[in-house]
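Trainee: compute the structure for the input listed below.
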Amino acid sequence: MTDYAIGDIQGCYLRLLEVLERVDFSPSRDRLWVAGDLINRGPSSLDTLRYLSGLGDSAVVVLGNHDLHLLAVALGGHQVRKKDTFSDILEAPDHDELIAWLRQQNLCIHDPERNLVMAHAGIPHIWSIDQGVACAREVEAVIRGPEATEYFSHMYGNEPARWDDNLAGMDRWRIITNYFTRMRFIAEDGTLELATKESADHAPGGFAPWFQFARRDTARVVFGHWAALEGQTGNDQFVGLDTGCVWGGALTIMNLDTGEKIHCDC
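Mentor: Numbering: from 1, shown residues only. Next up is the predicted model:
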């Protein structure tokens, strides 16, 4: 069995099939780790979501901001935005099943044997791996439970901008969500700067890319989300897999054990 991790697919279904063919991926023997943003912006969100959900235990998935946005439209009363391309999911006859499957996915996955953690945007240096996983489990329980409508109704927002152990309710859920799915630039004290989306060398004053802060552990962090990095972090501990497929870049898949990366031009 081979475990592969793949960056932001964002509904680019044909490119997904192409890159899986290049590594001879077989669901009967291999697993696919998906670093979030399965859907949206690309042309085939429905086909992508159906394929990934159909992989069963052969798919290991974390939620990205675009995946949460679909859930916020489906469950939280938010409107489809002009650039969204997931109306095919909302109108599909298996819509309820697909939404239910998406709600069961994680915000963060820890593989102790590989000393590896995967989250869509990463994990902030202010948290240990154990603390980060515990925070993820809190929000995952909300997404799967009876408070999901409240959560998705009030999920959007940039405040609070910094973690505090005493946070509760929606403020706590929102900052956890933003760390795992929206983080790019961060301050040493954990304050998020969520407006800037450019490359790592465009950090606002007082902030730096989250992966430039030393961690208290040696865990390898696999993430997506930040296409402007083009997969480059300058540190082997932090593996960026979003290489901008939906923006005309490439879709990247990586063997989790050897580190070998295969790219499919988009």
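
Trainee: for this structure, which residue is closest to the average position?
Mentor: Centroid-nearest residue in the chain: His120, 2.4 Å away (criterion: Cα atoms, centre = their mean).

Trainee: what distance do you get for the closest residue to that residue other than its chain neighbours to Gln105?
Mentor: Closest residue in space to His120, ignoring its immediate chain neighbours: Gly36 at 3.1 Å, by Cβ to Cβ, 6 or more residues apart in numbering. C-beta here means a position set from N, CA and C on the backbone, and glycine is covered the same way. Distance, Gly36 to Gln105, by Cβ to Cβ, to the nearest Å: 9 Å.

Trainee: also Tyr151?
Mentor: 15 Å.

Trainee: just the helices in the chain please.
Mentor: Assigned by DSSP state H, the chain shows helices spanning 13-22, 45-54, 65-76, 87-90, 95-103, 129-144, 148-153, 169-181.

Trainee: just send these back as a markdown table, with mean neighbour count and distance to Gly248 too.
Mentor: As requested, these are arranged in a markdown table below (neighbours: other Cβ atoms under 10 Å; distance: least, Cβ to Cβ, whole Å):
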| stretch | mean neighbour count | distance to Gly248 |
| --- | --- | --- |
| helix 13-22 | 18 | 11 |
| helix 45-54 | 21 | 18 |
| helix 65-76 | 22 | 17 |
| helix 87-90 | 17 | 22 |
| helix 95-103 | 16 | 26 |
| helix 129-144 | 18 | 32 |
| helix 148-153 | 17 | 31 |
| helix 169-181 | 21 | 23 |
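
Trainee: with distance to Asp242 and mean pLDDT added, can I get these in a markdown table?
Mentor: Below are the helices of the chain laid out as a markdown table (distance: least, Cβ to Cβ, whole Å; pLDDT from 0 to 100):
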| stretch | distance to Asp242 | mean pLDDT |
| --- | --- | --- |
| helix 13-22 | 13 | 97 |
| helix 45-54 | 15 | 98 |
| helix 65-76 | 11 | 98 |
| helix 87-90 | 21 | 97 |
| helix 95-103 | 19 | 98 |
| helix 129-144 | 19 | 98 |
| helix 148-153 | 24 | 98 |
| helix 169-181 | 12 | 98 |
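
Trainee: with distance to Gly240 added, can I get these in TSV?
Mentor: Shown next, in TSV, are these (distance: least, Cβ to Cβ, whole Å):
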stretch	distance to Gly240
helix 13-22	16
helix 45-54	21
helix 65-76	16
helix 87-90	27
helix 95-103	23
helix 129-144	18
helix 148-153	28
helix 169-181	15
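
Trainee: quick revisit: so for Gly36 and Gln105, which residue has more residues nearby?
Mentor: Neighbour totals were compared for Gly36 and Gln105, and Gly36 leads with 30 against 22 (other Cβ atoms under 10 Å).

Trainee: wait, what's in contact with the more buried one?
Mentor: Gly36 makes contacts with 8, 61-67, 119-121, 181, 224-225, as judged by Cβ atoms under 8 Å, 6 or more residues apart in numbering.

Trainee: change it to 10 Å
Mentor: With contact taken as Cβ atoms under 10 Å, 6 or more residues apart in numbering, Gly36 is in contact with 7-10, 61-68, 105-107, 118-121, 180-181, 223-225, 241-242.

Trainee: measure it to Thr149 for me?
Mentor: As judged by Cβ to Cβ, Gly36 and Thr149 stand 22 Å apart.

Trainee: please apply the same query to Leu68.
Mentor: 14 Å.

Trainee: what sits in contact with each of those two?
Mentor: Residues within reach of Leu68 and of Thr149 at once, by Cβ under 10 Å, 6+ apart, are Gly76.

Trainee: list the residues that contact the spatially closest residue to Leu192 that is not a sequence neighbour.
Mentor: Residue nearest to Leu192 in three dimensions, not counting chain neighbours: Ala161, with 5.1 Å by Cβ to Cβ, 6+ apart. Listed by Cβ under 10 Å, 6+ apart, the contact set of Ala161 reads 175, 178, 186-187, 190-194.
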